[in-house]
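# here you go, sequence then predicted model.
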Amino acid sequence: MVKKVISIPGAPKLPFSPAIRAGDYIFVSGQAGFVDAKGKEVKGIEAQTRQCLENMKRVLVAAGASLDDVVKVTIFLRNEEDFAKMNEVYQGYFPKDQPARSTAVTGLVIPNMLIEMECIAYSPQS
């Protein structure tokens, strides 16, 4: 199986890959939503959830896939009380055939970060 790093033009240089394609699977690293593509701070759980999902979508497109190919999502929330609002936004991105999902409430490494998401997608190569 060939392992391929998926890179995103203009993304900050961090000590991990935005995603790895391993065969027909794509493993997307944790996506934060506290900063938008222009570097502006994003506040509130709804806006940060939306930004996480937009970031995830951008990484998947770079890998030749889409949100429709996602089979598993893992979500890390800073605050338990944000669960319902996060879920409302999330459902708009996965209206049918929702992927498997786990959600955990945990500390996050950046103080203004309310949510982080990672996913696994299945997208057979032609």
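Received it, and whenever you're ready, just let me know what you need. Just so we're clear, the structure is a prediction, and the values are computed from it rather than from any experiment.

# now the closest residue to G107 other than its chain neighbours: phi and psi?
Leaving aside its chain neighbours, G107 sits nearest to R78 (7.1 Å; criterion: CB to CB, 6 or more residues apart in numbering). Bear in mind the C-beta positions are built from the backbone N, C-alpha and C, glycine included. Backbone torsions of R78, given as degrees, to the nearest 10, read phi -70, psi -40.

# tell me the strands beside the helix or strand of the chain with the lowest mean pLDDT, with direction?
Every helix and strand in the chain was compared by mean pLDDT, DSSP states H and E; the lowest is strand 3-6, with a mean of 92. Its sheet considered, strand 3-6 pairs with strand 19-22 (antiparallel) by DSSP bridges.

# and the contacts of the strand it pairs with?
Outside strand 19-22, the residues within contact range by CB atoms under 8 Å, 6 or more residues apart in numbering are 1-6, 26-29, 59-60, 62-63, 125.

# same check on stretch 65-74?
Counting by CB under 8 Å, 6+ apart, 26, 53, 56-57, 60, 93-94, 97, 99-104, 117-123 sit against stretch 65-74.
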